[in-house]
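Asker: coordinates only, sequence not included:
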Ligand SMILES: C[S@@+](CC[C@H](N)C(=O)[O-])C[C@H]1O[C@@H](n2cnc3c(N)ncnc32)[C@H](O)[C@@H]1O
């Protein structure tokens, strides 16, 4: 059996090599695409972006860089996985109209509140915000509102903090200004992690030992847990400062032209893409969830509980997301995509992917996978991405570029070159593969994978595809 598996791995490696040869002219290390620029780190201290550090984001400098470098003509820029709207806000500042789709309420909330804060707040609204920050009316003894919680967020805050959050919400309920109330609720959402016992950790929420969770076995120390009053005052100060002193944070552009419009759809791109007219967009700049088991519905559970999401809704969101967790069940894609049979044929004919999936299925039978849902997740991921790519091809105008940021991953010792597989799917759909730009600092894989198989660099890339 081991011999068979070794043989199987060799066949995968050969096929992987053949794919690399196929794309050898377009695979290039791009020194300017540093980890900082392709991740949220580039935005960490930037105005507006610093309000909520969305670790899944890329930086606004990346969007700016791509629009300039590829000389994208004015028109509408599209992002089917909008996150906190980095593509949308940056393009808009540079005079492009923008349109995006985001499924998760946390991302939607960040986008809509930023639009409100940046474009809609009057001086009188800002004065009320300042008054709240200075007078902290929630401390005056009002009865706390009960917090909405999910099973996985129960007991997430120290008791005094939970009471203060409840009082803040109760006081908010008495406020007679809708816009200010929205920003105040948003400010609260931005500080939840910092005042809680939890830390976002990719696949789940990690709990500090002080929470009492873990039957005395838990030694994880997340460091300082901020007091509610300190955290909310700091956050309000930051928000008020950025609203009063708008700076673009742009890197390359000195002068701004007129600001473009921003349109955002709430929901899944798998449902919304088919409703969009063909050839509508000048360019697409996007980054889907990676095929890495990260469960955003768990890591953003504190925020979703605050936004009133219940258990059923959370589980529906998990199933609606692009398949990237081991719990995702296959979606009915033929209902979604008009030319699904063509896309499905392209997907089913992916040789390297099929070899990898066969190998992982065998590993599953031999009980060698740490989770049996892994092959199903990977299959679902690429199948859904094939549909997304096909729909993006349709909605993109001729000569339009599609840029995608994504990471390669590894399971059971086998590297999955997401960049090569998705680019092959894109090529079969009709895209010209212009470049697969490799970020110069590679990272390893999860600590478990590194322990088992040694450190081997996984590529992080920006794919550059063009619709002829
Ligand atoms: C890697 S993040 C993109 C971050 C974005 N580039 C930014 O800078 O904020 C991927 C996003 O896709 C969203 N997402 C996942 N499945 C989706 C779906 N089916 N439709 C639309 N958005 C989805 C996730 O909620 C997440 O915000």
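Answerer: Perfect, I can see it now. Bear in mind that the values here come from a model prediction, so they are computed numbers and not experimental data.
Asker: in the stretch 201-350 of the chain, where is pLDDT below threshold?
Answerer: Applying pLDDT under 70 to the stretch 201-350 of the chain flags residues 248-257.
Asker: contact residues of it facing the ligand?
Answerer: 268, 269, 270, 287, 288, 289, 296, 320, 321, 322 (CB under 6 Å from any ligand atom). For the C-beta atoms, the positions are set from N, CA and C on the backbone; glycine is no exception.
Asker: give me that answer again for 8 Å
Answerer: 267-272, 286-290, 296, 320-322, 324 (CB under 8 Å from any ligand atom).
Asker: buried members of the residues you listed into ChimeraX, please.
Answerer: A single ChimeraX command selects the buried members of these (16 or more other CB atoms under 10 Å):
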select :268,269,270,272,286,287,288,289,290,296,320,321,322,324
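Asker: what about residue 242, helix or strand, and which?
Answerer: Using DSSP states H and E, residue 242 maps to helix 228-244.
Asker: next, the buried residues of that helix.
Answerer: 228, 229, 231, 232, 233, 235, 236, 238, 239, 240, 242, 243.
Asker: stretch 335-344 now?
Answerer: Quick answer for stretch 335-344 (16+ other CB under 10 Å): 336, 337, 340, 343, 344.
Asker: so how far is that stretch off the chain centroid?
Answerer: Remark: stretch 335-344 is offset 25 Å from the chain centroid, using CA atoms, centre = their mean, to the nearest Å.
Asker: outside of it itself, list whatever touches it.
Answerer: Contact with stretch 335-344 is made by 270, 271, 274, 333, 334, 383, 386, 387, 390, 391, 429, as judged by CB atoms under 8 Å, 6 or more residues apart in numbering.
Asker: need phi/psi at the nearest residue to the first one once chain neighbours are set aside.
Answerer: Ranked by CB to CB, 6 or more residues apart in numbering and with sequence neighbours excluded, the top spatial neighbour of residue 270 is residue 336, at 5.2 Å. Its backbone dihedrals place residue 336 at phi -90, psi -40, with angles given as degrees, to the nearest 10.
Asker: gap between residue 336 and the ligand?
Answerer: To the ligand, residue 336 is 10 Å away according to CB to the nearest ligand atom, to the nearest Å.
Asker: ok, residue 413 next?
Answerer: Distance from residue 413 to the ligand, by CB to the nearest ligand atom: 26 Å.
Asker: verify the contact between that residue and residue 6 for me.
Answerer: No - counting by CB atoms under 8 Å, residue 413 does not reach residue 6; the two are 10.9 Å apart.
Asker: higher neighbour count, those two?
Answerer: Neighbour count, other CB atoms under 10 Å: between residue 413 and residue 6, residue 413 has more, with 15 against 10.
Asker: SS state for the residue of the stretch 51-200 of the chain found nearest the ligand?
Answerer: For the stretch 51-200 of the chain and the ligand, the shortest gap (CB to the nearest ligand atom) falls at residue 83, measuring 2.3 Å. What DSSP: H, G, I helix; E, B strand; the rest coil gives for residue 83 is coil.
Asker: run a quick neighbour tally on it.
Answerer: Neighbour count for residue 83, taken as other CB under 10 Å: 26.
Asker: my read is that it contacts residue 101, right?
Answerer: No - here residue 83 lies out of contact with residue 101, judged by CB under 8 Å, at a distance of 10.4 Å.
Asker: center of the chain - which residue?
Answerer: residue 56 (3.9 Å; CA atoms, centre = their mean).
Asker: near the ligand, which residues of the stretch 1-150 of the chain show up?
Answerer: 40, 54, 56-59, 79-87, 101-104, 106-107.
Asker: so which of these belong to strands?
Answerer: Among those, the ones falling in strands (DSSP state E) are 79, 101, 102.
Asker: out of the residues you listed, who's nearest residue 218?
Answerer: Nearest to residue 218 among these, counting by CB to CB, is residue 102 at 33.4 Å.
Asker: for the closest one, give me its contacts.
Answerer: 81, 82, 83, 85, 108, 111, 264, 265, 266.
Asker: and the residue nearest to the fourth one when sequence neighbours are not counted, how many neighbours?
Answerer: With CB to CB, 6+ apart as the measure, residue 111 is the residue that lies nearest to residue 85, at 4.1 Å, once sequence neighbours are left out. Counted with other CB under 10 Å, the neighbours of residue 111 add up to 22.
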